[in-house]
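K.L.:
Provided below for reference: sequence and predicted model.
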Amino acid sequence: MNAVKTTAASAGTAAGALRGADRRALRARAHALKPVVWIAGNGLTPGVMAELDRALHAHELIKIHTAAGDRAAREVLLEDICRTLGAEPVQIIGKTLVAFRARPDATPEHAPAAARRRKGPRRTKRSFQGSR
(Lines give C-alpha, C1' and ligand atoms only; values in the text may rest on other atoms or scores of the structure.)
Protein backbone atom coordinates (compact mmCIF):
# COMPACT_ATOMS: atom_id res chain seq x y z
CA MET A 1 0.00 0.00 0.00
CA ASN A 2 2.88 2.39 0.71
CA ALA A 3 4.18 1.73 -2.78
CA VAL A 4 1.01 3.19 -4.25
CA LYS A 5 1.32 6.41 -2.28
CA THR A 6 4.95 6.95 -3.20
CA THR A 7 4.24 6.08 -6.82
CA ALA A 8 1.35 8.55 -6.99
CA ALA A 9 3.41 11.31 -5.44
CA SER A 10 6.35 10.80 -7.75
CA ALA A 11 4.37 10.33 -10.97
CA GLY A 12 3.65 14.05 -11.32
CA THR A 13 1.26 13.86 -14.25
CA ALA A 14 -0.30 16.95 -15.78
CA ALA A 15 -3.73 16.22 -14.32
CA GLY A 16 -2.38 16.22 -10.76
CA ALA A 17 -2.48 13.50 -8.15
CA LEU A 18 -5.73 11.82 -7.25
CA ARG A 19 -7.30 12.57 -3.89
CA GLY A 20 -7.72 9.76 -1.38
CA ALA A 21 -11.48 9.46 -1.87
CA ASP A 22 -11.09 9.40 -5.65
CA ARG A 23 -8.38 6.75 -5.42
CA ARG A 24 -10.60 4.64 -3.12
CA ALA A 25 -13.50 4.87 -5.55
CA LEU A 26 -11.27 3.89 -8.47
CA ARG A 27 -9.87 0.93 -6.52
CA ALA A 28 -13.42 -0.22 -5.86
CA ARG A 29 -14.31 0.09 -9.57
CA ALA A 30 -11.13 -1.75 -10.57
CA HIS A 31 -11.83 -4.69 -8.25
CA ALA A 32 -14.12 -6.42 -10.75
CA LEU A 33 -11.95 -5.72 -13.79
CA LYS A 34 -9.76 -8.27 -15.54
CA PRO A 35 -6.30 -7.26 -16.81
CA VAL A 36 -6.58 -5.74 -20.29
CA VAL A 37 -2.86 -5.68 -21.17
CA TRP A 38 -0.13 -8.15 -20.28
CA ILE A 39 3.46 -6.95 -20.21
CA ALA A 40 5.90 -9.82 -20.76
CA GLY A 41 9.66 -10.01 -20.36
CA ASN A 42 10.30 -7.55 -23.21
CA GLY A 43 8.96 -4.69 -21.08
CA LEU A 44 7.48 -1.48 -22.49
CA THR A 45 7.82 -1.82 -26.23
CA PRO A 46 6.20 0.72 -28.57
CA GLY A 47 3.49 -1.83 -29.35
CA VAL A 48 2.67 -2.31 -25.68
CA MET A 49 2.54 1.46 -25.14
CA ALA A 50 0.19 1.85 -28.12
CA GLU A 51 -2.07 -0.88 -26.74
CA LEU A 52 -2.07 0.75 -23.29
CA ASP A 53 -3.00 4.08 -24.88
CA ARG A 54 -5.90 2.46 -26.77
CA ALA A 55 -7.09 0.67 -23.63
CA LEU A 56 -6.99 3.86 -21.55
CA HIS A 57 -8.87 5.74 -24.25
CA ALA A 58 -11.56 3.06 -24.42
CA HIS A 59 -11.93 2.18 -20.73
CA GLU A 60 -10.40 5.01 -18.62
CA LEU A 61 -9.58 2.56 -15.83
CA ILE A 62 -7.48 -0.49 -16.69
CA LYS A 63 -5.64 -3.33 -15.02
CA ILE A 64 -2.24 -4.31 -16.36
CA HIS A 65 -0.57 -7.64 -15.60
CA THR A 66 3.21 -7.63 -15.65
CA ALA A 67 5.85 -10.34 -15.56
CA ALA A 68 8.36 -8.15 -13.69
CA GLY A 69 9.55 -10.07 -10.65
CA ASP A 70 10.83 -7.20 -8.51
CA ARG A 71 8.49 -4.86 -6.63
CA ALA A 72 10.68 -1.83 -7.36
CA ALA A 73 10.67 -2.71 -11.07
CA ARG A 74 6.86 -2.80 -11.07
CA GLU A 75 6.71 0.61 -9.38
CA VAL A 76 9.07 2.08 -11.99
CA LEU A 77 7.04 0.40 -14.75
CA LEU A 78 3.80 2.01 -13.53
CA GLU A 79 5.53 5.39 -13.17
CA ASP A 80 6.83 5.16 -16.75
CA ILE A 81 3.41 4.19 -18.10
CA CYS A 82 1.65 7.01 -16.27
CA ARG A 83 4.26 9.64 -17.16
CA THR A 84 4.29 8.68 -20.85
CA LEU A 85 0.53 8.33 -21.32
CA GLY A 86 -0.67 11.08 -18.95
CA ALA A 87 -2.42 8.64 -16.63
CA GLU A 88 -2.69 8.41 -12.85
CA PRO A 89 -1.43 5.41 -10.88
CA VAL A 90 -4.19 3.94 -8.75
CA GLN A 91 -2.88 0.74 -7.21
CA ILE A 92 -0.27 -1.99 -7.32
CA ILE A 93 -1.28 -5.43 -6.07
CA GLY A 94 1.29 -8.12 -6.65
CA LYS A 95 1.97 -8.23 -10.38
CA THR A 96 -1.20 -6.31 -11.24
CA LEU A 97 -1.05 -2.56 -11.87
CA VAL A 98 -4.07 -0.27 -12.07
CA ALA A 99 -3.99 3.02 -14.00
CA PHE A 100 -6.61 5.69 -14.71
CA ARG A 101 -6.82 8.40 -17.35
CA ALA A 102 -10.01 10.44 -17.68
CA ARG A 103 -11.38 10.80 -21.17
CA PRO A 104 -11.22 14.41 -22.35
CA ASP A 105 -14.74 14.17 -23.80
CA ALA A 106 -16.20 12.39 -20.75
CA THR A 107 -19.19 13.88 -18.99
CA PRO A 108 -19.85 13.41 -15.28
CA GLU A 109 -21.65 10.20 -14.33
CA HIS A 110 -24.59 12.17 -12.97
CA ALA A 111 -25.26 13.99 -16.24
CA PRO A 112 -27.33 11.23 -17.89
CA ALA A 113 -29.69 11.09 -14.89
CA ALA A 114 -30.23 14.85 -15.11
CA ALA A 115 -30.99 14.56 -18.81
CA ARG A 116 -33.65 11.92 -18.12
CA ARG A 117 -35.63 14.12 -15.73
CA ARG A 118 -39.19 14.70 -16.73
CA LYS A 119 -40.34 18.18 -17.48
CA GLY A 120 -43.78 18.01 -15.91
CA PRO A 121 -45.45 16.06 -13.15
CA ARG A 122 -45.47 12.33 -13.52
CA ARG A 123 -48.59 11.00 -15.20
CA THR A 124 -50.33 8.16 -13.43
CA LYS A 125 -52.85 5.65 -14.70
CA ARG A 126 -55.71 7.62 -13.17
CA SER A 127 -54.66 10.83 -14.87
CA PHE A 128 -55.20 9.15 -18.24
CA GLN A 129 -58.65 7.80 -17.30
CA GLY A 130 -60.18 11.17 -16.62
CA SER A 131 -62.91 11.91 -14.08
CA ARG A 132 -66.09 9.84 -13.92
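P.N.:
Structure's in. What do you need? Numbers count the residues shown, from 1 in each chain.

K.L.:
spatially nearest residue to the most centrally placed residue in the chain (excluding sequence neighbours)?
P.N.:
The centroid of the chain falls nearest to Leu61 when counting by CA atoms, centre = their mean (2.1 Å). In this structure, Leu61 finds its nearest non-sequential neighbour in Phe100, 4.9 Å apart by CB to CB, 6 or more residues apart in numbering. Quick note: C-beta positions are derived from backbone N, CA and C, even for glycine.

K.L.:
so who does the one you found touch?
P.N.:
Leu18, Leu26, Glu60, Leu61, Ile62, Ala87, Glu88, Val90 (CB atoms under 8 Å, 6 or more residues apart in numbering).

K.L.:
please report phi then psi for it.
P.N.:
Backbone torsions of Phe100, given as degrees, to the nearest 10, read phi -130, psi 140.

K.L.:
name the helices or strands packed onto the strand or helix carrying Ile92?
P.N.:
In the assignment (DSSP states H and E), Ile92 maps to strand 88-93. In terms of contacts (3 or more CB pairs under 8 Å, 6 or more residues apart in numbering; DSSP states H and E), strand 88-93 is packed against helix 2-11, helix 20-30, helix 71-85, strand 96-100.

K.L.:
any buried residues in that strand, and which?
P.N.:
Within strand 88-93, the residues scored as buried using 16 or more other CB atoms under 10 Å are Glu88, Pro89, Val90, Gln91, Ile92.

K.L.:
which one of those is nearest Pro46?
P.N.:
Pro89 (21.1 Å; CB to CB).

K.L.:
next one, pLDDT for that closest one please.
P.N.:
pLDDT for Pro89: 95.

K.L.:
wait, it sits on Ala99?
P.N.:
Yes - the criterion here is CB atoms under 8 Å, and Pro89 meets it with Ala99 at 6.0 Å.

K.L.:
shared neighbours, the two?
P.N.:
Counting by CB under 8 Å, 6+ apart, the shared contacts of Pro89 and Ala99 are Leu78, Cys82.

K.L.:
before we move on, the earlier item: off-centre distance for the strand holding Ile92?
P.N.:
9 Å (CA atoms, centre = their mean, to the nearest Å).
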